[in-house]
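Peer 1: Generate a structure from the sequence data that follows.
(one chain, ligands or ions: 2)
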Amino acid sequence: MTLPKVIVLATGKGGAGKSALSRSLAAHWLATKQSPAIVDADPQMSIARLHDPDGAMGKVTVVTDPEAESVSTSIAELAERHTPVIVDTAGFRNQTTIMAAIAADLVLIPLKPSAEDVAEAIAMYDLVGELNQTPERKGRPIVALMVMTMTTPNAVIVRHIRNELEKGGYPIVDAEISQRVIYPELSIRGLAPSIVDPDSAASRDIARLATEITKKVSTHGRVKAA
Ligand SMILES: Nc1ncnc2c1ncn2[C@@H]1O[C@H](COP(=O)(O)OP(=O)(O)OP(=O)(O)O)[C@@H](O)[C@H]1O
Ligand SMILES: [Mg+2]
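Peer 2: Residues are numbered from 1 along each chain as shown. Ligands and ions are numbered 1, 2, ... in the order given. Model prediction:
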C-alpha cells in the first residue's frame, strides 16, 4: 500500500484541527520510519513557529510558504525527497489553499462537531469537486475525505453529524480524532502524540486515520473520487 504523496489539510473554518492533525500525522509517519515533511502554508505559521529542529520531531523538514504563487513549487521540491508532504493551510479561504489543493493527492478536511464546521467542510469538498473539473486535474482527480476531530465518546451530536454527512453522500472516514488534552499540551513544544507517547489513545486514533486514508487513496482509482 503506497502512502499518498501530497496531503493537504484544509477547511475554511478556523480551529477545526488542521495544524494539530498535520503535526500528528507527520509524527506518526516519522515514528513509522517514513520521511514526512510539512509545508506550513498558513500565514500565521502555527507549525513553523513551534517547530524545534533539535527536538524529537526535528527530522521532519518544515518549509514555510503561504504564497499562492509559489506554494506548488515548494510542495513539488519537498516531494522529491519526502513522502508524504503534508500541507497545513490557513483557517480561512484563500488562493494559497486552492493552489495547494490542485497539487494534492488527498485533501483531508477536518471538522469539529459543530454546524459551522460542517458547512465549511462541505464548501471545501465542493471546491475540490470543482478543481477536479479543471484541465490540471481532469482524469487525475484529487481525493477528498472528511474527518471528525475533537469528538467526545457517545456524543449524540457526533453521531448525528456523521449520519447527515453520510446520507448526503459525503466521504467521511470511520476514524475519529477524540478530544484529548495531549494535543494542546504537546503542541506548545511543536510535538505530537505518536512521537512522545506511541501507546497513547491519541496515537492509536492517529494511526487508525493514517491507515484508513492510505487505503482510501491507494484504492481510489477503483472507487468513487471527489
Ligand atoms: N483532538 C484534539 N483534542 C483536543 N484539542 C485539540 C485537538 N485537536 C486540536 N486541538 C486544539 O484545538 C485548537 C485548534 O486546533 P488547531 O490549531 O489544530 O486548528 P486549526 O484548524 O489549525 O486552526 P487555525 O484555523 O487557526 O489554523 C488548538 O489549541 C489545538 O491544540
Ligand atoms: Mg492551524
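
Peer 1: For the residue of the chain found nearest ligand 2, pull up the helix or strand it's in.
Peer 2: Among all residues of the chain, Ser19 sits closest to ligand 2, at 3.2 Å; criterion: C-beta to the ion. C-beta here means a position set from N, CA and C on the backbone, and glycine is covered the same way. In the assignment (DSSP states H and E), Ser19 maps to helix 18-31.

Peer 1: what's the spatially closest residue to the residue of the chain closest to ligand 2 that is not a sequence neighbour in contact with, if anything?
Peer 2: Leaving aside its sequence neighbours, Ser19 sits nearest to Ser46 (C-beta to C-beta, 6 or more residues apart in numbering; 4.5 Å). For Ser46, the contacting residues are 19, 40, 88, by C-beta atoms under 8 Å, 6 or more residues apart in numbering.

Peer 1: Closest to Thr64 out of the residues you listed?
Peer 2: Ranked by distance to Thr64 (C-beta to C-beta), the contacts of Ser46 are led by Asp40 at 4.8 Å.

Peer 1: And for the closest one, the neighbour number?
Peer 2: 24 (other C-beta atoms under 10 Å).

Peer 1: Which strand residues bridge it?
Peer 2: Bridge pairing for Asp40 (DSSP bridges) gives the partners Thr64, Asp88.

Peer 1: From Leu108, how far out is Lys216?
Peer 2: Distance, Lys216 to Leu108, by C-beta to C-beta, to the nearest Å: 10 Å.

Peer 1: Comparing these two, which residue is more hemmed in?
Peer 2: Comparing Lys216 with Leu108 by other C-beta under 10 Å, the one with more neighbours is Leu108, at 27 against 16.

Peer 1: That one and Ile213 touch, don't they?
Peer 2: Yes. Applying C-beta atoms under 8 Å as the test, Leu108 and Ile213 come out as touching, 6.6 Å apart.

Peer 1: Do me a favour and get the backbone dihedrals for the closest residue to Arg162 other than its chain neighbours.
Peer 2: Nearest non-adjacent residue to Arg162, counting by C-beta to C-beta, 6+ apart: Ile172, 6.2 Å away. Ile172 adopts backbone torsions of phi -120, psi 130, taken as degrees, to the nearest 10.

Peer 1: Measure how buried Tyr170 is and give me the count.
Peer 2: Residues near Tyr170, counting by other C-beta under 10 Å, number 19.

Peer 1: between Lys216 and Leu108, what contacts are shared?
Peer 2: Both Lys216 and Leu108 are contacted by Leu145, under the criterion C-beta under 8 Å, 6+ apart.

Peer 1: which residues in this structure form helices?
Peer 2: Ranges of helices within the chain are 18-31, 46-50, 71-81, 95-102, 115-131, 156-167, 182-187, 193-196, 201-218, based on DSSP state H.

Peer 1: Deepest-packed of those helices, please.
Peer 2: For the helices of the chain, the largest average neighbour count (mean count of other C-beta atoms under 10 Å) is found in helix 18-31, namely a mean of 25.
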